[in-house]
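Asks: Fold the stuff below for me.
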Amino acid sequence: METLDKETLDKLDQEIDSLRIHFEQYFMGSRKRMPEQDRTTLQFKLRRMANLQSANFALKYQFQQLVAKFNSYNQYWNRIIQKIETGQMSRERLKSVLASGPTDGKEGDKKKEEKKEPAPPAVKEDLSSDKLNQVYQQLAESKKQANQQMTLSRDKLEQTLKKQIDQIKEKYKGKNLEFDVVVESGQAKLRAKAKK
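Replies: Residues are numbered from 1 along each chain as shown. Here you go, the predicted model:
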């Protein structure tokens with residue numbers, strides 16, 4: 001039986017990275033079939049491992065980070081697949097964007113526009129993808145401890161914050177924001193505050 005230990009988590013991290021490479025190969029056209037079976041297998045493995053008990057909080061945290069990493073990639077892949085299927089992006093355009101790699105900011109505006117399309121949308125500079133994953137995990141954990149059901153998906157949280165962040169920034173007069181989870185009257189809530 002699997003246990004939640006450092007070696008297992010390192011192997012899991014390698015499997016997620018390997019799946020990411022397989023999807024990139026599929027999007028570039030060097031792989032004929034989408035690695036859907038590998039993705040499904042990894043999803044089941046993550047669900048199974050979520051039930052494993054461990055007294056080591058560092059390992060639990062590392063596992064949650066890996067789940068967040070996988071979920072982030074998964075949503076990104078789904079968006080690209082949807083864009084290809086609906087004709088919003090051609091494979092040739094996707095190949096050129098994936099092949100161009102990260103820009104260093106010194107290239108022309110056209111390159112920057114091309115790079116923007118396939119990347120997962122950032123909420124704002126105040127809430128990076130990693131921070132959003134962290135806030136979502138904290139909210140889910142707090143709701144679980146408060147015996148509340150987590151009805152909000154990560155995507156829905158991202159959409160909600162994107163809509164509200166400009167209004168919140170107006171209140172704090174352009175200061176950078178920080179988000180954290182608080183429990184008030186037995187209810188887990190998300191709160192925004194200005195960074196000092």
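
Asks: can we go C-alpha only for contacts and neighbour counts from here?
Replies: Fine.

Asks: Sticking with residue 15, tell me its helix or strand.
Replies: Using DSSP states H and E, residue 15 falls within helix 6-28.

Asks: quick one: that helix to chain centroid distance?
Replies: On the basis of CA atoms, centre = their mean, to the nearest Å, the separation between the geometric centre of helix 6-28 and that of its chain is 15 Å.

Asks: Okay, domains of the chain per the record?
Replies: 6-116, 129-194 (automatic domain parsing).

Asks: Pick out the shakiest of those domains, pLDDT-wise.
Replies: Among the domains of the chain, domain 129-194 has the lowest mean pLDDT, at a mean of 72.

Asks: Look at the nearest residue to residue 142 once chain neighbours are set aside and say how many residues are nearby.
Replies: Setting aside the residues directly before and after it, residue 142 is nearest to residue 188 in space (CA to CA, 6 or more residues apart in numbering), at 5.7 Å. Residue 188 sits with 22 neighbouring residues when counted by other CA atoms under 10 Å.

Asks: One more: residue 141?
Replies: In terms of burial, residue 141 registers 16 neighbours under the definition other CA under 10 Å.

Asks: so it is in which element?
Replies: Assigned by DSSP H and E, residue 141 belongs to helix 129-145.

Asks: Identify each buried residue in that helix, please.
Replies: For helix 129-145, a neighbour-count test (16 or more other CA atoms under 10 Å) marks 129, 132-143 as buried.

Asks: quick check, nearest of these to residue 95?
Replies: Residue 95 lies nearest to residue 129 out of the buried residues of helix 129-145, by CA to CA, at 23.5 Å.
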